[in-house]
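A.B. asks: Generate coordinates for the sequence data below:
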Amino acid sequence: MKLGIMQPYFLPYIGYWQLLNAVDAYVILDDVNYIGRGWINRNRILIHGEPAYLNLPVSKASQNRKINELQVNWDEKERLRAKRKVELAYKRAPYFDSVYPLFCGIVDDEQRNLSEYLTDSIRKICEYLEIETPILLSSELEKDHSRKGQERILDICDHLGASEYYNAIGGQALYSGSRFQEHKIQLGFVETGVIEYEQFGSVFVPGLSILDVMMFNPVKRIQEFLGEYVIVPGREETEEENESNIERSAE
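C.D. replies: All right, here's what the predicted structure looks like:
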């Protein structure tokens, strides 16, 4: 079984969905510490040809608290502001009429728990894109809660019977191919290919939220984008590198 494990992000970029679509089961890692100024509570959309942040308000956000311990803190003014921002940015986009109601449904979700709110949004977008991968929450799995980093991931893989573990290409330095081989698990990384599409006829701006992709492309084309990646195998380390990775993953 191919397994993917990632933190929940707010309207993440196309690579997140490629990973989710590439595996047989996907675990949302929601019982790890929140990361400030990352992608858990914000993403980027296109405004006047330039990337601009779209933020998810989180109450008392702290890197000392777990994702599933935090609360979403929309008030009515912030909801209206977010909707208006997206409307002004994309009202001339070809798929605005189908995607904007989906976005409004995400913003209007009354779920307060940050983990459950983001999971709801991910499931809504999966439904729109016809991604059928089962989604689990790490906080609901029986596992060794004392493990950290790579060892926590290996514990989840073993618990679910994974034979392959995929992560985003940016996570290469975090994982030891040799350590996964010890558990009879093949390690791979999803590397997104070159994906471009027309954005109001301006110079293409890459790496934006999936919201941008959906505004400019039909579902069938996005499904083609989901397959535009390669799997980069995990590298076998020297003994010294492997020991260093094990120490780092236990931090």
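A.B. asks: number of nearby residues for Ile153?
C.D. replies: Ile153 has 27 neighbours, counted by other C-beta atoms under 10 Å. No exception for glycine: its C-beta is placed from N, CA and C like everyone else's.
A.B. asks: Could you do Pro233 as well?
C.D. replies: The criterion is other C-beta under 10 Å. On that basis, Pro233 has 10 neighbouring residues.
A.B. asks: Same check on the one 3 residues further on?
C.D. replies: Glu236 has 12 neighbouring residues, counting by other C-beta under 10 Å.
A.B. asks: before we move on, what about Gln71?
C.D. replies: 14.
A.B. asks: Do a quick rundown of the helices in the stretch 51-200 of the chain.
C.D. replies: Along the stretch 51-200 of the chain, the segments classed as helices by DSSP state H, counting those that start in this stretch run 76-90, 96-107, 114-129, 149-160, 177-182.
A.B. asks: Can you check which of those helices gets nearest to Phe10?
C.D. replies: Nearest to Phe10, of all these, is helix 114-129, at 6.4 Å by C-beta to C-beta.
A.B. asks: which stretches of this protein have low pLDDT?
C.D. replies: 237-251 (pLDDT under 70).
A.B. asks: Apply 50 and report the result again.
C.D. replies: Where the chain drops to pLDDT under 50, the residues are 238, 245-251.
A.B. asks: Relative to Asn21, how far out is Met214?
C.D. replies: Distance of Met214 to Asn21, given as C-beta to C-beta, to the nearest Å: 14 Å.
A.B. asks: For those two, indicate the residue with more neighbours.
C.D. replies: Met214 (25 against 21).
A.B. asks: Strands of the stretch 151-251 of the chain, start to end?
C.D. replies: For the stretch 151-251 of the chain, the strands defined by DSSP state E, counting those that start in this stretch occupy 164-168, 186-192, 229-233.
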